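Asker: give me a model of this one.
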Amino acid sequence: MSRVLGIVAEYNPFHNGHLYHLEKAKKDTDSNYTVAIISGNFTQRGGTSLVDKWSKAEAAVSAGVDLVIELPVLYATSSAENFAEGAVKILDSLKIVDSIAFGAETPDVEVLDKCAEVLYHEPKQYKPLLSHELKKGLSYPKARENALMMYLNDIRKFAKVLSSPNNILGIEYLKALKKLKSPLEAFSIPRREVG
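Answerer: Predicted coordinates:
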């Protein structure tokens, strides 16, 4: 039976790191087909994309993607949480995608999933830690990071995980899978030589 991989990207512009991610994800998931959810003419940070959406789609198809779907601008320019949820919602709603692969600085999807589990369920022991950090005047992302490290009680293991932008996005993909009760299997592809 054929397997279908889902990926989420900006491809602004498409480069060798994206090609590596796509090829490694196809291999790791043993997928026959790939669906890419790609932001259009605006980026996650709200800026105008350097590359127009038509060129992004053409680059993706030339690299081996079978279907490109534009991530609506509402999600594409939003927070990591909304960006990830919008993309996962689309992949899940297709009812043909088996897995999602994302690039992250941490290749261990279980470590990322442990963070996603806490952030999704917000256990009662976690909430006072978050509240305490917010009362210090910290930004919500920093307060959430500190509270999560305290809750997981392993600063050495999680500090680097929670300070890396692609890990944070990966955690949000995993959180969205939980929220949607999606059967998609998640794969973390290690990002190589990126800063």
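Asker: is P107 in a helix, a strand, or coil?
Answerer: Assigned by DSSP: H, G, I helix; E, B strand; the rest coil, the conformation of P107 is coil.
Asker: excluding its backbone neighbours, what's nearest it?
Answerer: Excluding its sequence neighbours, the residue lying closest to P107 (CB to CB, 6 or more residues apart in numbering) is P190, at 3.9 Å. (Each C-beta comes from the backbone N, C-alpha and C, glycine too.)
Asker: what's the local residue count around the one you found?
Answerer: Each residue near P190 was counted by other CB atoms under 10 Å, and the total is 15.
Asker: equivalent analysis for Y140, please.
Answerer: Applying the criterion other CB under 10 Å, we find 11 residues in the vicinity of Y140.
Asker: what distance do you get for the nearest residue to it once chain neighbours are set aside to R144?
Answerer: When the adjacent residues along the chain are set aside, Y140 lies closest to L134, with 7.0 Å between them (CB to CB, 6+ apart). Spatial separation of L134 from R144 under the definition CB to CB, to the nearest Å is 9 Å.
Asker: go on, V161?
Answerer: V161 sits 13 Å away from R144, going by CB to CB.
Asker: of these two, give the one with the bigger neighbour count.
Answerer: Taking other CB under 10 Å, V161 and R144 do not tie; V161 has more neighbours (24 against 21).
Asker: in what helix or strand does the more buried one lie?
Answerer: Using DSSP states H and E, V161 falls within helix 155-162.
Asker: which strands and helices lie in contact with the very next helix or strand once past that helix?
Answerer: Counting by DSSP H and E, the next helix or strand C-terminal to helix 155-162 is helix 165-179. Here helix 165-179 is seen to pack against helix 80-94, strand 99-104, helix 109-121, strand 185-190 when contacts are counted using 3 or more CB pairs under 8 Å, 6 or more residues apart in numbering; DSSP states H and E.
Asker: out of the ones you listed, nearest to L67?
Answerer: Checking the helices and strands packed on helix 165-179 against L67 by CB to CB gives helix 80-94 as the closest, at 8.8 Å.
Asker: hmm, who's touching the closest one?
Answerer: When contacts are taken as CB atoms under 8 Å, 6 or more residues apart in numbering, the neighbours of helix 80-94 outside the stretch itself are 6, 8, 35, 37, 44, 69, 71-72, 74-76, 78, 97, 100, 168-169, 172-173, 175-177, 179-180, 182, 184.
Asker: generate a PyMOL selection restricted to the buried subset of those residues.
Answerer: Remark: buried members of the contacts of helix 80-94, expressed as a PyMOL selection using 16 or more other CB atoms under 10 Å:
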select buried, resi 6+8+35+37+44+71+75+76+78+97+100+168+169+172+173+175+176+177+182+184
